[in-house]
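Novice: quick check, what structure comes out for this input:
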Amino acid sequence: MRRRFEKRIYIPLPEAEARSVMFKLHIGNTPHNLTPEDFELLGDRTQGCSGSDISVIVREALMEPLRQCRMAKQFISMAAEEAERLGNTLASVVDAADGEESKQPVPETVLVPCMAYPNCPDCPMELTMAGQRPQRGARCRTCGAITMTLFDVEPSQLAVPNVSMAAFLHILERSRTSVGEGELAEYEKWTEEFGEEG
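Specialist: Sure, this is the predicted structure:
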């Protein structure tokens, strides 16, 4: 087998610092709430991950805000400036005619998805009580959360959560590396025995 290839070069997995940089590169200009310390922590937490693994983790984390909006059963109405201050991005409408992004006038109030359901102990639950379910648009008297789904929200009024460290931690809990420790040991042993020139 060694005679088939002219060279066999062992490229080790990226170190923590390189992994941190990869996370920054893959996120790009996507709105996020990550600090430099968060990127360092992600680099430390992804020991054994390849560049491809990091790419998959970032793609999954970028989908988390959409999942939060889709799964939300309640939304809170708040001032657009307040929503941005709390780490949300105001939705912009894409003009289907020419495919360019065009900023519509920002509404005074926007709807932010509630991360938990119910949002507070006094919120109307989605239970059948006396044969009735809480109606869409029902507002909690305590916290102000409105019972609705993503499909009930006008696109211009949606405030999408930015990608957060919590999204990455959630993805890391269920992700696995594509390269096993045993495989790495075999490559290192081969390199020690035959060198990179084969």
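Novice: N119: neighbour count?
Specialist: Per other C-beta atoms under 10 Å, the neighbour tally for N119 reads 22. Heads up, the C-betas are built off the backbone N, CA and C, glycines and all.
Novice: could you report the neighbour count for the residue nearest to it when sequence neighbours are not counted?
Specialist: Computed as C-beta to C-beta, 6 or more residues apart in numbering, the closest residue to N119 that is not its neighbour in sequence is A145, at 4.0 Å. Applying other C-beta under 10 Å, we find 26 residues neighbouring A145.
Novice: go on, M148?
Specialist: M148: 19 neighbours (other C-beta under 10 Å).
Novice: wait, the residue nearest to N119 sits on C123?
Specialist: Yes - between A145 and C123 there is a contact under C-beta atoms under 8 Å: 5.6 Å.
Novice: what's the overlap in contacts for those two?
Specialist: Residues touching both A145 and C123 by C-beta atoms under 8 Å, 6 or more residues apart in numbering: Q74.
Novice: quick one: which helix or strand includes the residue nearest to the spatial centre of the chain?
Specialist: Centrality entry for the chain: nearest residue to the mean C-alpha point is A61, 2.5 Å, by C-alpha atoms, centre = their mean. Element membership of A61 [criterion: DSSP states H and E] is helix 51-71.
Novice: what's the answer for V110, then?
Specialist: Applying DSSP H and E, one finds V110 within strand 109-113.
Novice: which strands or helices does that strand pack on?
Specialist: Applying 3 or more C-beta pairs under 8 Å, 6 or more residues apart in numbering; DSSP states H and E, one finds that strand 109-113 contacts strand 74-79, helix 80-85, strand 88-90, strand 159-161.
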